[in-house]
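J.: what would the 3D arrangement of this be:
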Amino acid sequence: MILSLEHNFIFVHVPKTAGSAMTKHLEPLGLPQTRPFWRSLSRKLPTVEKPGKAYLRQHDTALKIMTKLSPEVFHKFHRFAVVRNPYDHAVSHYEFMKTYRHKKYARAIAGLDFEGYLHYRMQPAGLFEKTFVRLPNQSYYLTDPSGEMLVNRVMKFETLDTDWADLTAFLKLPSMSLARINQSQSKPKNRSYQSYYNDTTKALVDQIYDADFARFGYDRDL
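T.: I've put the predicted structure just below:
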């Protein structure tokens, strides 16, 4: 999540959608997200705070951001995010989790095949487990409980160069090229995401990402 007062935008960072590359360019334009104890505490309280005071985290949902800032303030910003083909997104998260910084979860996922990972991901999260471990679909990060979109602009990983150029032109930012950052290191470079799928794994991803296929216009054909 990056919030810029100067350029009037909020970037909602959906995990595993080239957000690290965008953060590299957008973070210098946004408010610093320092983390003194009182700010970490205040983010958990149901209180509205001004943009310059609120502490918001990297993968906070659009709903969380709106609740913290208030709908009136939130909707004054240009709000955008990136999404990705669900079949590709699931593979990216699976491979990334094998080298996740929390070794407990990395070992657990590394010991599972892709089908096992999908079943694992669909289980309820533990009490202190991070949302990233059993990742919801991408719509979870961008909608309210009724399913209404909370961002103005949805960019796509597959057309990101063009979408990024349109965004920077709209925000009147200098032209900047994106470089891939934080790619999944365990995935063989020449292996396609389609090769991970059979009838069972496709059906599981169709279930996990059901809302994304409808909302973002992705085809259920591998």
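J.: now stretch 106-116: buried residues?
T.: Using 16 or more other Cβ atoms under 10 Å as the burial criterion, the residues of stretch 106-116 that qualify are 106, 108-109, 112, 114. Every C-beta, even on glycine, is put in place using the N, C-alpha and C of the backbone.
J.: all the strands of this structure, in order from the start?
T.: Using DSSP state E, the strands found in the chain span residues 2-4, 9-11, 78-83, 153-156.
J.: mind showing which ranges of the protein have poor pLDDT?
T.: Applying pLDDT under 70 to the chain picks out residues 33-44, 180-186.
J.: what about it, which residue is the most distant from its middle?
T.: Asp199 (26.5 Å; Cα atoms, centre = their mean).
J.: contacting residues for the closest residue to Ala54 other than its chain neighbours?
T.: Excluding the flanking residues, the one nearest Ala54 by Cβ to Cβ, 6 or more residues apart in numbering is Lys68, at 4.9 Å. Neighbouring residues of Lys68 by Cβ atoms under 8 Å, 6 or more residues apart in numbering: 43, 48-49, 54, 56.
J.: redo that, cut-off 7 Å
T.: Going by Cβ atoms under 7 Å, 6 or more residues apart in numbering, Lys68 touches 48-49, 54, 56.
J.: any idea how far Val151 is from it?
T.: According to Cβ to Cβ, to the nearest Å, Lys68 and Val151 sit 16 Å apart.
J.: go on, Lys98?
T.: Computed with Cβ to Cβ, the distance linking Lys98 and Val151 is 30 Å.
J.: cool, Phe132 as well?
T.: Applying Cβ to Cβ, the value for Phe132 to Val151 is 20 Å.
J.: can you give me the helices in this protein?
T.: 19-26, 37-42, 62-69, 71-74, 86-97, 103-110, 114-121, 160-170, 199-208, 210-216 (DSSP state H).
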